[in-house]
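Colleague: Here you go, sequence then predicted model.
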Amino acid sequence: MTEVLTPDEFEAGLREHAKRYHSEHPFHQRMNDGESTQDEIRGWIANRFYYQVNIPRKDGAILSNCPDREVRRRWVQRVIDHDGTAEGNGGIESWLRLGEGASLTRPEMEDQRHIQPGVRFAVDAYVTFTRTKPWVESVASSLTELFAPDLMANRLAAFERYYTWIDPAALAYFRSRLTQAPRDSEHGLEIVRKHCVTAETQAAAFAALSFKCDVLWSMLDAIDQAYGNR
Ligand SMILES: O=C(O)c1cc(C(=O)O)c2c(n1)C(=O)C(=O)c1cc(C(=O)O)[nH]c1-2
């Protein structure tokens, strides 16, 4: 039987998953090295839109499964961040502006005509996971955000340096995540450290985070397959 880990050992085990994070995917590596074509960047933005619109739905699923009022009070901020509080604000709106900055139209993003089957399957699997699994496992699955800020910072620098055909003002989404992602992952980590105190729950958290790494990786496989220029 596996031994129970101390909270610090458990956290270190979660952080080990960085090796499987989608920052290591060849598609992202080429993007951050300035080697992506305009079609690849546009294909990536249009497909990632499906992830963006589903994030508040998965956070709503976590809220609905979570019996802890204190947790819900903080978690609900994620829905607000993405949906915004009025027309013209929020993360989904910022993502649409990113697309417009890259010469995609709002209708072609919103009607999802570019979404690849593999992207749809992967994102839908993430939402289903959070609807059907214990809420603490769903929180663990969100911890890929521990690794997101480094990738976002590199991406922002790469876009500003190499993809100058995109208006820098359209990159606001990436800038906002530089502060939102650390705040969110800190909360997520606090929750799993508190709740995952048996070998079984710790193993389930590792499995949830692995699953999420696979979701993100599969999305990029599908995007690479459709638009990759290799
Ligand atoms: O662009 C990225 O590489 C990236 C990765 C991730 C992630 O690690 O899941 C998220 C985001 N962006 C993001 O923008 C975002 O809002 C977000 C929410 C979540 C989540 O699982 O709750 N992950 C991510």
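Modeller: All right, it came through fine.

Colleague: burial measure for the residue in the chain positioned nearest to the ligand, as a count.
Modeller: Closest contact between the chain and the ligand, by CB to the nearest ligand atom, is at residue 144 (3.3 Å). C-beta coordinates here come from the backbone N, C-alpha and C atoms, glycine included. Each residue near residue 144 was counted by other CB atoms under 10 Å, and the total is 23.

Colleague: now swap in residue 175 and tell me
Modeller: 14.

Colleague: Only alpha carbons, please: show the helix or strand where it lies as CSV.
Modeller: Here residue 175, judged by DSSP states H and E, is contained in helix 172-195. Only the C-alpha atoms of helix 172-195 are listed here, as CSV (Å, rounded to 0.1, in the frame of the first residue of the first chain):
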residue,chain,number,x,y,z
ALA,A,172,-4.7,41.9,-22.5
TYR,A,173,-6.0,38.4,-21.7
PHE,A,174,-2.5,37.0,-21.2
ARG,A,175,-1.6,39.9,-18.9
SER,A,176,-4.7,39.5,-16.7
ARG,A,177,-3.9,35.8,-16.2
LEU,A,178,-0.5,36.6,-14.9
THR,A,179,-2.1,37.7,-11.6
GLN,A,180,-5.3,35.7,-11.7
ALA,A,181,-3.6,32.3,-12.2
PRO,A,182,-1.3,32.5,-9.2
ARG,A,183,-4.2,33.6,-7.0
ASP,A,184,-6.4,30.8,-8.2
SER,A,185,-3.8,28.1,-7.9
GLU,A,186,-2.8,29.2,-4.4
HIS,A,187,-6.4,28.7,-3.4
GLY,A,188,-6.6,25.4,-5.1
LEU,A,189,-3.5,24.2,-3.5
GLU,A,190,-4.7,25.3,-0.1
ILE,A,191,-7.9,23.2,-0.6
VAL,A,192,-6.1,20.0,-1.7
ARG,A,193,-3.5,20.2,1.0
LYS,A,194,-6.2,20.5,3.6
HIS,A,195,-8.5,17.7,2.2
